[in-house]
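Novice: Fold the following, please.
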Amino acid sequence: MFKRYKKIKIPIKGKKYTLAVADTSEKKSIGLSRVRKLPRGCGMLFVYNTPVNHAFTMEKTSIPLTIIFLTKDMEIIEVFKCRPYQKKKVRPESDYSYVIEI
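Specialist: I've put the predicted structure just below:
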């Protein structure tokens, strides 16, 4: 999965995850939309150089995801449970610097 992506390993709620790092506009735009089955313990980390407040959508994503918005200090701002092809956009109440999709 994501052979040309840098990967990091981090614990989330007591479980170990390997996250592909989306650190370019192209990688962020694609996200996990092309994934048909997400292996257990895998996901994606979106990295923003300055805090942003873009909405995320699941319109092109065929798998359910938990989307976690984080501050620059990696503190959780808000968590959304999203369904495949969900049209409703999700956005936290404040700016964020990182997003994890698992």
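
Novice: what about the helices in the chain?
Specialist: Taking DSSP state H as the criterion, the chain contains helices spanning 25-30.

Novice: Check the gap between the most far-flung residue of it relative to its centre and Asp73 for me.
Specialist: The centre of the chain is farthest from one residue, Gly14, which by C-alpha atoms, centre = their mean lies 18.1 Å away. According to C-beta to C-beta, to the nearest Å, Gly14 and Asp73 sit 20 Å apart. Just so you know, the C-beta spots here come from the backbone N, C-alpha and C atoms, and that holds for glycine as well.

Novice: Show the contacting residues for Lys88.
Specialist: Neighbouring residues of Lys88 by C-beta atoms under 8 Å, 6 or more residues apart in numbering: Thr57.

Novice: ok, so what distance separates it from Lys9?
Specialist: Applying C-beta to C-beta, the value for Lys88 to Lys9 is 31 Å.

Novice: cool, Ser33 as well?
Specialist: Separation of Ser33 from Lys9 (C-beta to C-beta): 23 Å.

Novice: out of those two, which sits in the busier spot?
Specialist: Higher neighbour count among Ser33 and Lys9: Ser33, with 13 against 9, using other C-beta atoms under 10 Å.
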